[in-house]
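Student: the sequence and its predicted three-dimensional model are supplied below.
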Amino acid sequence: VAQATPLFGELILEQCETGEGSEQWAINHLENFVQIKYAGVNPSGKDSLCVTCGSTADGSCSTAPCNSTDGNQLFTFTPLDDVNFTLPASGNGVHPPSSCFASLYGGINSKAGMRACGSTLPTPNKYNVWHTTTNSSSGFIYNNGVQHSQAFNLCLSVNFKAGPLPPLRLGNMTIDAKNTSPLPHFWSECVGSGHARLFLRADWLEHLKLAKSLGGFKYVRGHGILDDDVMWYRTGESYYNAIRAYSNVLSAGMKPIVELSFTPDPLASTGSTAFEYKGKNSPPTDLKDYYVIIFEFIQALTNYFGADEIASWKFEVYNEPDLSPFGCKTENVTTNASDPACKYFTMYESAANAVKGVDSRYQVGGPATSQGRWLMDLGYTPYHVDFLSTHSYPTDPPNGRWNGGPGQQGEVHTQYLAVHYAAQQAKQLGHPLYITEWSSDPGSRSPYHDTTDTAAFIIASIASVRNENLKAYSYWTFSDVFEEGGIPSRQTPFHGGFGMINLYGVPKPSMRAFEILNMLSETEAQVTLPPNTPDNITALASVSEENATVVLVNTACSTCDTPRDVIFSEILLNNFPFSPKMAKIARIDVNHTNPRKVWLDQGSPDYPTPTQIREYMTESVLNFTTFTLDNCGESPCLKNVYLPGLGTVAFVLTA
């Protein structure tokens, strides 16, 4: 369970300027004069770097403070681009004792940079290098009692290359199966897809079936069912492609959320389009004609699939109309639904009336906006609204929803804030809430989508909103068979696409995260974390009569230190309905369940061979290893559980 993490760094001593006669001395002796060594964790709780001087120093930090008057202060720092320090003079020369020191607080490779004696140093450059310059204005330099004449100037660069801190040892975690609560799988209610024309592709359907089997998804949602490449308006509406598309969805054991987008080609009021496939995204020119197109389309679906089947589907009016030229002026997250210039809401009314006109049981909602917009505006209209929907990404601006700025790629906290705000609005209106798009990053060419970090983000984000009463939390998307930004011509296996399954059918770490979530039962067990647990650690546990699942993740966080490996001393298993004796463990991190790493090791081929693809598939699989549980007093337990930074660990416990 436990794993050791090595700590390493590189000290670079580099001569910049020298005085007369000092060059060779500097090259030969500076490494003895100044020693750089990790000092672990100092009493303030910050990570530290210790600078000691004197060739006889043992590398340990002096207990004297930096402002000590006993001669132990070696360096003073100023927050400049280059941190300048001066060797303190004593009489005619410099006599630094072997115990002199300065502790640089702040942590290696941390976003906050380093601090010395309470003063903030500049953030390191992209190579994680801090540049400092030593200066001796006059006199003599002493090294271990040996006088070295002449003054000198030197440049000292301290470069710690990807050196993780030692794992932070935490206390005991407790999982109590006596205290339980419902855990509905709102995260698997729906999953996103590329546009509707892709529903006809064989590889798309294969990927959908795989996503269903791994993640347990029930619905799928994609753009463009009303686009010309599906409806073929040029010869009169043809419903054949739409019927085949939704037949494929049903054949995968799933149902559609029918996104009524984009604007039918004959009714587009301008030439404005969305995405590479050119969906028309301007308001319809005639709402009566728009009503007829929607009504006849849904009637055709009803005739083929039957009213009882269609009554189990959902109809969502449009996609992100707040980002389309609908004439609606948005302030923060609201607009004016009664403004004649704002065309979305009257279009919504026509579409909703058409849906209900076919069968009053059919469910319709919206506004399917970005960034949590227009929920209250639609909710207060007199129109048919069976549910509210919006989208959320961690990089979205706050729009008045919280204090502060936008979050970062893969940041759990801002994702939570956005969802919580939307959920509170839906609760006030009394409508169910569907988040019909969310992901770690809004870009369709973001390498983050392919990394193991995304798995931790997904699980932590879902855990953070599990009490928000969401009806669906639809991750965007299940497959890289996706054409909003065009088809990739390079790096096709791992081009940073939204999908959880790559173009070659290989599940990414994001898909494996949903596979782990699908192992959870719908009964959550109470988890009590040790008091020294960092905020970016998430634990989720479920229990049934036969087994239990425990999931631990370590995520990124803009308000906390760089994610650090941790070790839980013990995980105590109390009051289980069965007697846990065995455990299976699987990991998702840079060294486990990481097919992108295999691709990189192959030299990042643009078009891999079948043999190379099989290697990705092998690495993609969650590899569970089985072991016997320990006993900790009266409770079975897991000991020394190692959780790497930006990593995921899953346990399945059985009798």
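Tutor: The structure has been received and is ready for your questions.

Student: what's whichever strand or helix holds Thr549 packed up against?
Tutor: According to DSSP states H and E, Thr549 maps onto strand 547-554. If contacts are counted by 3 or more C-beta pairs under 8 Å, 6 or more residues apart in numbering; DSSP states H and E, strand 547-554 sits against strand 168-182, helix 453-464, helix 509-518, strand 537-543, strand 566-574, strand 635-643, strand 648-654. Placement of C-beta: from N, CA and C, glycine included.

Student: got the ones you listed as a markdown table, with distance to Pro367 columns?
Tutor: Listed next are those as a markdown table, based on distance: least, C-beta to C-beta, whole Å:
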| stretch | distance to Pro367 |
| --- | --- |
| strand 168-182 | 29 |
| helix 453-464 | 23 |
| helix 509-518 | 27 |
| strand 537-543 | 31 |
| strand 566-574 | 42 |
| strand 635-643 | 40 |
| strand 648-654 | 34 |
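
Student: any idea which of these gets closest to Tyr277?
Tutor: Nearest to Tyr277 among the helices and strands packed on strand 547-554 is helix 509-518 (23.9 Å), distances taken as C-beta to C-beta.

Student: now do the closest one: which elements does it pack against?
Tutor: helix 202-215, helix 453-464, strand 547-554, strand 582-588, strand 648-654.

Student: can you list the strands that the strand holding Thr549 pairs with?
Tutor: strand 537-543 (antiparallel), strand 648-654 (antiparallel) (DSSP bridges).

Student: how about Asp386: what's its closest non-neighbour residue?
Tutor: Nearest in space to Asp386, with sequence neighbours left out and distances taken as C-beta to C-beta, 6 or more residues apart in numbering, is Gln363 at 4.4 Å.

Student: and if you look at Gln526?
Tutor: Using C-beta to C-beta, 6+ apart and skipping the chain neighbours, the partner closest in space to Gln526 is Asn179 (3.9 Å).

Student: again, but for Val258
Tutor: Per C-beta to C-beta, 6+ apart, closest to Val258 is Phe315, 4.9 Å.

Student: and the one you found, bridged to which residues?
Tutor: Beta-bridge partners of Phe315, as defined by DSSP bridges: Val258, Val364.

Student: these two touch, right, it and Ala368?
Tutor: No - using C-beta atoms under 8 Å, Phe315 makes no contact with Ala368, being 10.8 Å away.

Student: so which of the two has more stuff around it?
Tutor: Neighbour count, other C-beta atoms under 10 Å: between Phe315 and Ala368, Ala368 has more, with 29 against 26.

Student: I'd say that one and Asp322 touch.
Tutor: No - counting by C-beta under 8 Å, Ala368 does not reach Asp322; the two are 9.2 Å apart.

Student: that older thread, got CSV for the helices and strands packed on strand 547-554, with mean pLDDT and mean neighbour count too?
Tutor: As requested, the helices and strands packed on strand 547-554 are exported to CSV (pLDDT from 0 to 100; neighbours: other C-beta atoms under 10 Å):
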stretch, mean pLDDT, mean neighbour count
strand 168-182, 95, 16
helix 453-464, 97, 27
helix 509-518, 98, 25
strand 537-543, 97, 23
strand 566-574, 95, 21
strand 635-643, 95, 21
strand 648-654, 98, 23
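
Student: relative to Lys597, which of the ones you listed is closest?
Tutor: Per C-beta to C-beta, nearest to Lys597 of the helices and strands packed on strand 547-554: helix 509-518, 10.2 Å.

Student: ok, and what's touching that closest one?
Tutor: 185, 187-188, 211, 214-217, 449-452, 454-456, 458-459, 462, 475, 478, 500-501, 507, 549, 551, 586, 588, 593-595, 620, 622, 648, 650 (C-beta atoms under 8 Å, 6 or more residues apart in numbering).

Student: ok, then the element right after it?
Tutor: strand 523-528.

Student: any idea how far Met519 is from Leu214?
Tutor: Going from Leu214 to Met519 by C-beta to C-beta, to the nearest Å gives 10 Å.

Student: looking at these two, which one has more neighbours?
Tutor: Just comparing Leu214 and Met519: by other C-beta under 10 Å the higher neighbour count belongs to Leu214, 21 against 18.

Student: tell me who's in contact with the more buried one.
Tutor: 507, 511-512, 514-515, 518.

Student: against Ala455, how distant is the residue most central in space within the chain?
Tutor: By C-alpha atoms, centre = their mean, the chain has its centre lying nearest to Gly410, at 2.6 Å. Gly410 sits 10 Å away from Ala455, going by C-beta to C-beta.

Student: with Gly499 instead?
Tutor: Distance of Gly499 to Ala455, computed by C-beta to C-beta: 14 Å.

Student: was I right about the residue nearest to Asp386 contacting Val317?
Tutor: No - taking contacts as C-beta under 8 Å, Gln363 lies outside contact range of Val317: 11.6 Å.

Student: ignoring the adjacent residues along the chain, who's closest to Cys328?
Tutor: According to C-beta to C-beta, 6+ apart, the nearest residue to Cys328 is Cys342 (3.8 Å).

Student: tell me the SS of that neighbour?
Tutor: coil (DSSP: H, G, I helix; E, B strand; the rest coil).

Student: who's in contact with it?
Tutor: With C-beta under 8 Å, 6+ apart, Cys342 has these contacts: 326-329, 335-336.

Student: want to throw those into a markdown table with secondary structure and pLDDT?
Tutor: Shown next, in a markdown table, are these (DSSP: H, G, I helix; E, B strand; the rest coil; pLDDT from 0 to 100):
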| residue | secondary structure | pLDDT |
| --- | --- | --- |
| Phe326 | coil | 96 |
| Gly327 | coil | 96 |
| Cys328 | coil | 96 |
| Lys329 | coil | 94 |
| Thr335 | coil | 96 |
| Asn336 | coil | 94 |
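
Student: list just the nearest of these to Leu573.
Tutor: Checking these one by one against Leu573 (C-beta to C-beta), the nearest turns out to be Thr335, at 51.3 Å.

Student: contacting residues around the closest residue to the closest one other than its chain neighbours?
Tutor: Spatial nearest neighbour of Thr335, excluding adjacent residues (C-beta to C-beta, 6+ apart): Cys328 at 4.5 Å. With contact set as C-beta under 8 Å, 6+ apart, Cys328 has these partners: 321-322, 335-336, 339, 341-344, 374.
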